[in-house]
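S.K.: Pasted the sequence and its predicted model underneath.
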Amino acid sequence: MPVATKDVLRLATVGSVDDGKSTLIGRLLVDTRLLADDPLDAVAAASERRGVGDLDLSFVTDGLRAEREQGITIDVAYRYATTPTRKLVIADCPGHVQYTRNMATGSSTADLALVAIDVAAGLKEQTRRHLVIAALLGVRALVVAVNKMDTVEWSRDAYERVVREVGSLAATLGATSVVAVPVSALYGDNVVERSARAPWYEGPTVLEALESSDAGAWERSRGSRLPIQWVLRQPGGGRAYAGLVSGEALRVGDAVTLLPAGIETTIRAIHYGGRALDEAAVGLAADVELAHETDAGRGDLIATAPLPRVTRELEATVCWFGDDPLELTGGRLRLKHTSRTTAVRVRALEGRLDVGSLEVTDAPALSTNEIGLVRLACAEPLVVDDYREDRVTGSFVLVDAVTHATVAAGMVGRPPFATVRR
Amino acid sequence: MTALAPSPTSSGLDHLDALESHALYILREVVAECERPVLLFSGGKDSAVLLHLAAKAFAPQGLPFPVLHVDTGHNFPEVLDFRDRAAARLGARLLVARVQDSIDAGRVADPGALASRNRLQSVTLLDAIAEHGFDAAFGGARRDEDKARAKERVLSFRDEFGQWDPRRQRPELWRLYQGRVNPGEHVRAFPLSDWTELDVWQYVARERLDLPSIYFAHERPVVYRDGMWLAVGEYVEPRDGEVVEVRTVRFRTVGDATGTGAVLSSARTIDEVVAEVATATISERGATRGDDRFSETSMEDRKREGYF
């Protein structure tokens, strides 16, 4: 085969409106020649029609009519890039406050955040907000493009001031890796091509930083998790349980517990697409057979030690997306966690997280795009880990029981960087 | 420092296994959450991959949903042959909704014998969804096809008019796909969202999938029109001044035969197509779809009306 297999890095863009996120992604795709000629011609034509110069690179990802008319990003655009070593899945996220939910959507599956900051403007409130949300959603690796360096004559002082500001916030938020790069996305300096304008900078270009990041390779030894999605009846009368493996790989012979029932058994066989396997890697949509007959079904979870906990009460952190505020007396909600959906009530609203001060203060309600700490009571038991331990068994969404709209992103546990003030 | 769970695609799986597993997961999730799913099948390469994945997701049982072809009436015969062959091999229940029936019933205006019926398909599709009471429709659309598609969720909510509203999409967090709808509404589900054209061909190569023969280089009479090579035949006649030439071509996409262009190619095998796609500098829609060339946002406009 002419094309080798590659690993996958998923990244989300972070930054305030007008700091140049979409231009940065456009520049990355154009300079790596990952964008085909005809969409590039279309970008040039659209730029001319709208009178924004020769080539407005933000039009590469801002594909909706309203986005081009208003010159902003409204919703996440997904773009795909293949470098010699990896496949990049890029979620270009909006910067405006009213589209925070779309930014959270993009971050929830990202390994790394690509942050754009206008060097002249510094770390804006909205960028802080995004960095906090990305950290809440478990994104721990940052590549920071300190952008528009051409507007400050490539001042090293200006660059380092921004790096210090971001570095201090990133450390507070628990980032594991922060790589800063001085760039001009508009002119292409240090995005793909190394710039001669900053001889004092010896670090990687943005593309090199993305190619060398090990953000995807999380270390973990917290047990295997297989939330059962579907039961496949076998020709001989047995049953196989299908789901996406998370946590650690699952092997034939592993001692497992079926939860919430608490039945102990072992993995008798693993199949994938009709093939028998000894081991199901993390991320594989495998189906497994258990040594004992059980009545397991969708919503149950197969786990190895250390086991997740079984609970109907959750302490959780939520990003509220609903148009109406989240209140104790609010509308009926359902909760979807792994493959289980259950009725849920908000028992207590323990406070609102101020993304500026990172303090949690009392609040009677959460408005759209606000983050709060809640206690929830579920109609059925859930099998959970803390979000910091497992992104799959630690995450849930809240759904309006009447309209079926998704109204909140939820994470089991408390963000370690929040301080509660009473 | 606290270690986090690996994200599902960053686990040492190669990219085809990661894409395949994600697609199987989406297929199972939608079938579990929705009452009456259907798989939209055009006979093109993406829907061929989708059908193959659906069979894998539910093996050893059969497909738990029917397969729907929205038939413009302007077909390549090789594609219809493939459609019937693929459905028969899997024992799938094949439904056909005909644009001609929508024209005969006065639901849409007849654009004329040789005009594209691509845009009319939305009405036929929405009528079929309503008639059968489908609440979820799987499609083979990919985000890398078009800038409006790049904005769409994996599960894309459609209101009772079948409309997509790009400003009011459901937030889609993690892999928590949420497919419930009220009566009359439905979701479109796109298990191939994160696949590129090259991924599709690499997967076709790995799985040795059967495809319509027009995806591989063959000799065919064509005319050059609007920057595209169109196959001369029942639905495309040469206009004054156009020269019919026999060229070696293949199709990169399959759509309404009046508006789907061929590309000059000598790729006669799957591996040769993979090599060709890996070095292509023109996108597949740019090269082959007359319907996407009308305006900057033609895909968005069609999608708002209920298009695939």
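M.R.: Structure's in. What do you need? Quantities reported herein were computed from a predicted structural model and do not represent experimental measurements.
S.K.: Double-check that A:Glu389 belongs to a strand.
M.R.: No: A:Glu389: not assigned to a strand; according to DSSP: H, G, I helix; E, B strand; the rest coil it is coil.
S.K.: Residue ranges in the stretch 151-300 of chain B under the pLDDT threshold?
M.R.: Applying pLDDT under 70 to the stretch 151-300 of chain B picks out residues B:281, B:283, B:285-299.
S.K.: Could I get the full set of helices for it?
M.R.: In the stretch 151-300 of chain B, the helices defined using DSSP state H, counting those that start in this stretch lie at B:197-207, B:270-278, B:284-288, B:298-304.
S.K.: Up against chain A, what does the stretch 151-300 of chain B have?
M.R.: Residues of the stretch 151-300 of chain B lying close to chain A (CB under 8 Å from any CB of the partner chain) are B:151, B:166-167, B:169-176, B:178, B:180-182, B:193-194, B:196, B:198, B:202, B:205, B:271, B:274-275, B:278, B:280-283, B:286-287, B:296-297, B:300. C-beta coordinates here come from the backbone N, C-alpha and C atoms, glycine included.
S.K.: Give me the buried entries from the residues you listed.
M.R.: B:151, B:166, B:169-176, B:178, B:180-181, B:193-194, B:196, B:198, B:202, B:205, B:274, B:280, B:283, B:286-287, B:296-297, B:300 (16 or more other CB atoms under 10 Å in any protein chain shown).
S.K.: Contacts only, for A:Phe417.
M.R.: A:135, A:172-174, A:358 (CB atoms under 8 Å, 6 or more residues apart in numbering or on different chains).
S.K.: hmm, try it at 7 Å
M.R.: A:172-174, A:358 (CB atoms under 7 Å, 6 or more residues apart in numbering or on different chains).
S.K.: and which of these is nearest to B:Pro238?
M.R.: B:Pro238 lies nearest to A:Leu173 out of these, by CB to CB, at 65.0 Å.
S.K.: per-domain residue ranges of the chain.
M.R.: You didn't pick a chain, so chain A it is. A:7-212, A:224-303, A:309-420 (automatic domain parsing).
S.K.: that answer is for a different chain, and I need it for chain B
M.R.: According to automatic domain parsing, the ranges for chain B are B:15-199+B:298-304, B:213-292.
S.K.: Return the most buried member of those.
M.R.: domain B:15-199+B:298-304 (a mean of 20; mean count of other CB atoms under 10 Å in any protein chain shown).
S.K.: And the pLDDT at A:Thr341?
M.R.: pLDDT recorded at A:Thr341 is 95.
S.K.: And it, how far from A:Leu307?
M.R.: Distance check for A:Thr341 against A:Leu307: by CB to CB, to the nearest Å, it reads 22 Å.
S.K.: And these two? Which one has more around it.
M.R.: A:Thr341 (21 against 16; other CB atoms under 10 Å in any protein chain shown).
S.K.: what about A:Leu232, distance to A:Ser108?
M.R.: For A:Leu232 relative to A:Ser108 (CB to CB), the value is 28 Å.
S.K.: ditto for B:Ala257
M.R.: Applying CB to CB, the value for B:Ala257 to A:Ser108 is 42 Å.
S.K.: same thing with B:Arg98?
M.R.: Note on B:Arg98: its distance to A:Ser108, by CB to CB, is 41 Å.
S.K.: same deal with B:Ala128?
M.R.: B:Ala128 sits at a distance of 34 Å from A:Ser108 (criterion: CB to CB).
S.K.: Ok, A:Val412 next?
M.R.: 14 Å.
S.K.: more neighbours, those two?
M.R.: A:Ser108 (28 against 25).
S.K.: Look at A:Val399 and tell me its secondary structure.
M.R.: strand.
S.K.: Quick check: it vs A:Leu314, distance?
M.R.: 15 Å.
S.K.: now swap in A:Arg222 and tell me
M.R.: Counting by CB to CB, the gap from A:Arg222 to A:Leu314 is 19 Å.
S.K.: Endpoint to endpoint, stretch B:166-183 covers what distance?
M.R.: 21 Å (CA to CA, to the nearest Å).
S.K.: Now do that stretch: distance to the chain's middle.
M.R.: The chain centre lies 21 Å from the centre of stretch B:166-183; the measure is CA atoms, centre = their mean, to the nearest Å.
S.K.: Then stretch A:255-268?
M.R.: Centre-to-centre, stretch A:255-268 and its host chain are 30 Å apart (CA atoms, centre = their mean).
S.K.: again, but for stretch A:146-166
M.R.: 27 Å.
S.K.: what about that stretch, how long is it end to end?
M.R.: 10 Å.
S.K.: Which helix runs longest in chain B?
M.R.: helix B:15-33 (DSSP state H).
S.K.: Name the next helix or strand downstream of it, please.
M.R.: Downstream of helix B:15-33, the next assigned helix or strand under DSSP states H and E is strand B:37-40.
S.K.: That following strand pairs with which strands?
M.R.: strand B:67-71 (parallel), strand B:136-138 (parallel) (DSSP bridges).
S.K.: quick one, which of these is nearest to A:Thr127?
M.R.: Of the strands paired with strand B:37-40, nearest to A:Thr127 by CB to CB is strand B:136-138, at 38.0 Å.
S.K.: helix/strand/coil for the residue of the stretch 101-250 of chain B found nearest chain A?
M.R.: Using CB to the nearest CB, the closest approach of the stretch 101-250 of chain B to chain A is made by B:Lys147 at 2.7 Å. Look at B:Lys147: counting by three-state DSSP, its state is coil.
S.K.: Tell me the residues of the stretch 101-250 of chain A that contact chain B?
M.R.: A:101-102, A:104-105, A:108-109, A:111, A:138, A:140, A:176, A:216-220, A:229-230, A:232-235, A:242, A:244, A:246-247 (CB under 7 Å from any CB of the partner chain).
S.K.: In terms of helices and strands, where is A:Ala134?
M.R.: Using DSSP H and E, A:Ala134 sits in helix A:125-136.
S.K.: can you list contacts of that helix?
M.R.: A:12, A:14-17, A:19, A:95, A:97, A:100, A:103-104, A:107, A:113, A:115, A:117, A:169, A:173-174, A:317, A:319, A:355-356, A:371, A:411, A:415.
S.K.: switch the cut-off to 6 Å
M.R.: A:14-16, A:103-104, A:107, A:113, A:169, A:173, A:355, A:415 (CB atoms under 6 Å, 6 or more residues apart in numbering or on different chains).
S.K.: Tell me the first helix or strand C-terminal of that helix.
M.R.: Toward the C-terminus from helix A:125-136 - assigned by DSSP H and E - lies strand A:141-147.
S.K.: Direction included, what does that following strand pair against?
M.R.: According to DSSP bridges, strand A:141-147 has the following sheet partners: strand A:112-118 (parallel), strand A:177-182 (parallel).
S.K.: okay, the shortest one in CSV with CA atoms only?
M.R.: Spelled out, it's strand A:177-182. What follows is strand A:177-182, C-alpha atoms only, in CSV (Å, rounded to 0.1, in the frame of the first residue of the first chain):
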residue,chain,number,x,y,z
SER,A,177,2.7,20.6,28.4
VAL,A,178,2.8,24.2,27.1
VAL,A,179,4.7,25.1,23.9
ALA,A,180,4.6,28.7,22.8
VAL,A,181,5.5,29.9,19.3
PRO,A,182,5.8,33.5,18.0
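S.K.: Looking at it now, give me its mean pLDDT.
M.R.: pLDDT averaged over strand A:177-182 gives 95.
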